[in-house]
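1. below are the sequence and a predicted model for it; my questions follow.
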Amino acid sequence: MSMSKRHRWTTAALSATVALTLTGCLAGGGEEEGEGDNEVLVWASMDPPVIEGLQAALDERAEGEGVTVTIEAVEDINSLIMQRIQAGTTPDIAMIPQPGVVRDVVARADTTVPLEDVLDMAALEETITPGTLDAGAVDGTAYGLLVSMNVKSLVFYNKPAWEEAGYPTPETIEELNALTEEIKADGNTPWCMGIEDGGGTGWAATDWIEDLVMRYGGADEYNAWVAHETPFDSQVVRDATAEFEELLFTEGNVLGGRQAIASTNFGNAANPMFKAEPDCWMYKQGSFMTGFFQESAGVTDLDKEVGVFGFPPVEGGENPVLGGGDMAVMMTDDESTAQVMEWLADPEIGNEAAPNSSFISPHTTFDTSLYPTELTRQMADVAYSSTAFLFDGSDQMPGEVGAGSFWKEMTAWISGQTDLDTALQNIDESWPSS
């Protein structure tokens, strides 16, 4: 994919390149701009309110330091950065939303700087969520620093209806299965589900499979599968798809039944959950989904109307979390850029962004009282309490698989157009040989 899944929804408003400046003036960036030694250009495809918050935080730190920082909000940074590497006109720091693109940047740009050369890694490892530094590593060396993250291993529900029914929060997959049966026994439909998204149909299903693979296999097996060291046609993937089948293919478990999943838009799938008497009771999606609840489901007060719990682990297994985010990659080796990287590594760098945006800090020590809602705090806590933060798998796979055969074959399997054996074999066969 050219962008991470979350960024498909957050960059639509960036119809043109927007320059946000720090220290009150517009600074040039890269060789083409002729910027000075104390001017640092940062590219990002984050939500504008997140950029504005980071701008304010960097502005405070830059004041009096003789450094001018410019954040430019750009569309499709993954493609743009590769074009600029070829042209030799890159920013000083690029906020990259995909581990695979970090690897490509490091391979193609000989100016990228290892984090160990500029940051106190021991201090960073004390505060940052486990697994996030690994996501930005290339051949065991850390290059990408997660600055802002989103969380995907979440199950949302209608809070007032849920509390009235007295349903528990499941702590394991086994308890989630039991809860699903309990909701159904009460005459209700347990799950809302939809994977339709035009040309992107199927990505929501891959998130489910990724979450289940990491639970049944653990972080190491998940990473091996993402790298295709473990094939799709393997036991861990079959364990994951068997659980998916049990939860979502069992009669009465999903609103509209199995056949409705592929034709129901992911952004509207949870709307029936927010009726006074919900038509479905649980919806698994990422933290970005709260915006859809407000825009399409009529939710006006997230804390009062929306509840959430983390997608649970297998009993006795690891408790990883699926997610994504923006990783700062240092592409100019000078003191001013190194200083900005140190500021971006500060656990408090998001203090200005958090109260007014979708920003979630990757640092477990972050002051969660700064988040705008209790719901945001709960979503962040799912990541902070995890055993490992693992980046979206399909975003790390080759494009012809991650945004191609994986999406396509999961959609065909779910809609009954193909059987699971064929779907898994087709994905394996689509993996590029080099």
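-> Happy to help now that I have it. Residues are numbered from 1 along each chain as shown.
2. how about the helix or strand in which residue 100 is found: buried residues?
-> Taking DSSP states H and E as the criterion, residue 100 maps to helix 99-108. For helix 99-108, the neighbour count (16 or more other C-beta atoms under 10 Å) marks 99-106 as buried. Backbone N, C-alpha and C define where each C-beta goes, glycine included.
3. and for stretch 212-222?
-> Neighbour-count burial for stretch 212-222, counted by 16+ other C-beta under 10 Å, picks out 212-219, 221-222.
4. in this protein, which residue is closest to the centre?
-> For the chain, the residue nearest the mean C-alpha position is residue 324 (2.5 Å; C-alpha atoms, centre = their mean).
5. right, and that one touches residue 391 too?
-> Yes. Applying C-beta atoms under 8 Å, one finds residue 324 in contact with residue 391, separated by 5.9 Å.
6. got any residues that touch both of the two?
-> residue 98 (C-beta atoms under 8 Å, 6 or more residues apart in numbering).
7. about what we covered before: strands - which of the buried residues of stretch 212-222 land there?
-> Of these, none are assigned to strands by DSSP state E.
8. farthest pair within these?
-> 212 and 219 (13.7 Å; C-beta to C-beta).
9. tell me the pLDDT at residue 64?
-> You'll see residue 64 listed with a pLDDT of 83.
10. can you check residue 87 too?
-> For residue 87, the pLDDT comes out at 93.
11. still on that earlier bit, quick one: which of the buried residues of helix 99-108 is nearest to residue 306?
-> Distances from residue 306 to the buried residues of helix 99-108, taken by C-beta to C-beta, are shortest for residue 99, at 29.8 Å.
12. tell me the spacing between the closest one and residue 139.
-> 13 Å (C-beta to C-beta, to the nearest Å).
13. what do you get for residue 79?
-> Separation of residue 79 from residue 139 (C-beta to C-beta): 24 Å.
14. same thing with residue 363?
-> Taking C-beta to C-beta, one finds residue 363 at 25 Å from residue 139.
15. between those two, which is the more surrounded one?
-> Using other C-beta atoms under 10 Å, the more surrounded residue of residue 363 and residue 139 is residue 363, with 24 against 8.
16. can you map out the helices along the stretch 151-300 of the chain?
-> Here the stretch 151-300 of the chain has its helices, by DSSP state H, counting those that start in this stretch, at 159-165, 173-185, 203-226, 235-248, 258-261, 289-296.
17. what's the angle from the longest one to helix 99-108?
-> An angle of 50 degrees separates the directions of helix 203-226 and helix 99-108 when computed by axes from the mean of the first three to the mean of the last three C-alpha atoms, to 10 degrees.
18. what is helix 203-226 packed up against?
-> For helix 203-226, the packing partners by 3 or more C-beta pairs under 8 Å, 6 or more residues apart in numbering; DSSP states H and E come out as helix 235-248, strand 283-285, strand 321-330, strand 389-391, helix 393-396, helix 406-414.
19. out of the ones you listed, which gets the lowest mean score?
-> What stands lowest among those, in mean pLDDT terms, is helix 393-396, with a mean of 92.
20. and the very next helix or strand once past it, what does it pack onto?
-> Later in the chain than helix 393-396, the nearest helix or strand by DSSP H and E is helix 399-400. Judged by 3+ C-beta pairs under 8 Å, 6+ apart, helix 399-400 is in contact with no other helix or strand.
21. give me the neighbour count for residue 140.
-> Residues within reach of residue 140, counting by other C-beta under 10 Å, total 6.
22. equivalent analysis for residue 364, please.
-> A count of nearby residues for residue 364, using other C-beta under 10 Å, gives 18.
23. so it sits right up against residue 382, yeah?
-> No. Using C-beta under 8 Å, residue 364 makes no contact with residue 382, being 11.8 Å away.
24. can you list the domains in this protein?
-> 5-150+325-372, 154-319+397-430 (automatic domain parsing).
25. distance between stretch 263-279 and the chain's centre?
-> Put simply, stretch 263-279 sits 22 Å off its chain's centre (C-alpha atoms, centre = their mean, to the nearest Å).
26. check stretch 402-409 too.
-> Worked out by C-alpha atoms, centre = their mean, stretch 402-409 lies 18 Å from the chain centre.
27. what's the helix or strand for residue 83?
-> Under the criterion of DSSP H and E, residue 83 resides in helix 77-87.
28. what of residue 309?
-> Per DSSP H and E: residue 309 is located in strand 306-310.
29. that strand vs strand 321-330, what angle?
-> Strand 306-310 and strand 321-330 meet at an angle of 80 degrees, taking the same axes, to 10 degrees as the criterion.
30. what are the pairing partners of strand 306-310, and which direction each?
-> strand 154-158 (antiparallel) (DSSP bridges).
31. can I get the CA coordinates of the strand it pairs with in CSV?
-> Below are the C-alpha coordinates for strand 154-158, written out as CSV (Å, rounded to 0.1, in the frame of the first residue of the first chain):
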residue,chain,number,x,y,z
LEU,A,154,-10.4,-2.5,20.0
VAL,A,155,-14.0,-3.6,20.4
PHE,A,156,-16.6,-0.8,20.7
TYR,A,157,-20.1,-1.0,22.2
ASN,A,158,-23.2,1.0,23.0
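32. quick check: buried residues in that strand?
-> By 16+ other C-beta under 10 Å, the buried positions in strand 154-158 come out as 154-158.
33. between helix 173-185 and that strand, find me the angle.
-> 20 degrees.
34. quick one: strand 154-158 to helix 289-296, angle?
-> Going by the same axes, to 10 degrees, strand 154-158 is angled at 30 degrees with respect to helix 289-296.
35. check what contacts strand 154-158 and list those residues.
-> Against strand 154-158 from outside (C-beta under 8 Å, 6+ apart): 167, 270, 273-275, 278, 281-287, 289, 293, 305-311, 379, 382.
36. average pLDDT across that strand?
-> When pLDDT is averaged over strand 154-158, the result is 98.
37. ok, now how distant is residue 57 from residue 361?
-> Distance from residue 57 to residue 361, by C-beta to C-beta: 11 Å.
38. residue 332 too?
-> 25 Å.
39. who has more neighbours, those two?
-> More neighbours surround residue 361 than the other of residue 332 and residue 361, with 29 against 22 (other C-beta under 10 Å).
40. and that one, backbone torsions?
-> Main-chain torsions, residue 361, degrees, to the nearest 10: phi -80, psi 140.
41. contacting residues for the closest residue to it other than its chain neighbours?
-> Closest residue to residue 361 apart from its sequence neighbours, by C-beta to C-beta, 6 or more residues apart in numbering: residue 350 at 4.5 Å. Contact analysis of residue 350 by C-beta under 8 Å, 6+ apart lists 53-54, 57, 147-148, 359, 361, 366, 370.
42. nearest to residue 113, of those residues?
-> Comparing these against residue 113 with C-beta to C-beta places residue 147 closest, at 15.8 Å.
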